[in-house]
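> whatever this is, show me its structure:
(chains A and B)
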Amino acid sequence: DVKVTQSSRYLVKRTGEKVFLECVQDMDHENMFWYRQDPGLGLRLIYFSYDVKMKEKGDIPEGYSVSREKKERFSLILESASTNQTSMYLCASSPSQGGLAGGPHFGPGTRLTVT
Amino acid sequence: AQTVTQSQPEMSVQEAETVTLSCTYDTSENNYYLFWYKQPPSRQMILVIRQEAYKQQNATENRFSVNFQKAAKSFSLKISDSQLGDTAMYFCAFMKHNTDKLIFGTGTRLQVFP
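Numbering: from 1, shown residues only, chains lettered A, B, ... in the order given. Modelled structure (predicted):
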């Protein structure tokens, strides 16, 4: 079974702090994704990576950056956390041609609160 | 740009009954995939069922089946013999062929009661 793990289930940070959310997958997947989940808005793609050191902006990249130095690890960085970044963050991974393979696998999520 | 619409924010069903969750999408693509994901309360998002747009036959996974109407751009999920464990948020999602990126609807919260 694919396992996608995220470093924290719950995180509380202060406005202006630099925040790192870590995601690790154990299935040698090429693709990794960061989504943000908000009530009434569903999941929105922040960034994704299709290979080591490769990244592409999703629909809402403002205020975020990412890092993928190793294939199994994909980090989401909030350079200067703001209260409007309080949300649930979901990491996912998939092989290339993920649609054929059955779709991305998701981690448990990190609920981030910025105060 | 593709969009996915789930018009039912909340639904409820009695145990053992059947419920249908609606999903419509907008795309000009011909090759794509459609998914239903389930997110139980405080638990991980898991794939329920997947449909390939070039296949006319509706996908089925045990008690879960879809009604895929390509011309109408409709992709509803039917849950038969509902169980308490089906209580969850359900998300419909679209993936354009060769992109690997999911576009999600806003979700439907399903409550199954005894």
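> from here on, just use CA atoms for contacts and neighbour counts.
Noted.
> isn't residue A:26 up against residue A:3?
Yes - if you go by CA atoms under 8 Å, residue A:26 and residue A:3 touch, sitting 5.8 Å apart.
> close to chain A: what parts of chain B are there?
B:33, B:35, B:43-47, B:50, B:91, B:95, B:97-100, B:103-107 (CA under 8 Å from any CA of the partner chain).
> apply 10 Å and report the result again.
Residues of chain B lying close to chain A (CA under 10 Å from any CA of the partner chain) are B:6, B:9, B:32-35, B:37, B:39, B:42-47, B:49-52, B:90-108.
> chain neighbours aside, what residue packs nearest to the closest residue to chain A within chain B?
Nearest residue of chain B to chain A: residue B:106, at 3.8 Å (CA to the nearest CA). Closest residue to residue B:106 apart from its sequence neighbours, by CA to CA, 6 or more residues apart in numbering or on different chains: residue A:42 at 3.8 Å.
> right, and the one you found touches residue B:39 too?
No - under the criterion of CA atoms under 10 Å, residue A:42 makes no contact with residue B:39, lying 11.5 Å away.
> mutual contacts of residue A:26 and residue A:3, please.
residue A:93 (CA atoms under 10 Å, 6 or more residues apart in numbering or on different chains).
> hmm, back to that, the residue nearest to residue B:106: what's it in contact with?
Residue A:42 neighbours (CA under 10 Å, 6+ apart): A:35-36, B:6, B:90-93, B:103-108.
> which among these gets closest to residue A:76?
Using CA to CA, residue A:35 comes nearest to residue A:76 of those, at 9.9 Å.
> neighbours of the nearest residue to residue A:102 once chain neighbours are set aside, just the number please.
Excluding its sequence neighbours, the residue lying closest to residue A:102 (CA to CA, 6+ apart) is residue B:50, at 6.8 Å. Residues lying near residue B:50 (other CA atoms under 10 Å in any protein chain shown) number 24.
> ok, back up a step: list residues touching both of residue A:42 and residue B:39?
B:90-91, B:107.
> return the residues of chain A in contact with chain B.
With CA under 10 Å from any CA as the criterion, chain A meets chain B at residues A:9, A:31-33, A:35, A:37-45, A:48, A:50, A:58-59, A:90, A:92-100, A:102-109.
> so what's the spatially most central residue of chain A closest to, chain neighbours aside?
Nearest to the geometric centre of chain A sits residue A:34, at 2.6 Å (CA atoms, centre = their mean). Once flanking residues are discounted, residue A:34 sits nearest to residue A:91: 4.7 Å by CA to CA, 6+ apart.
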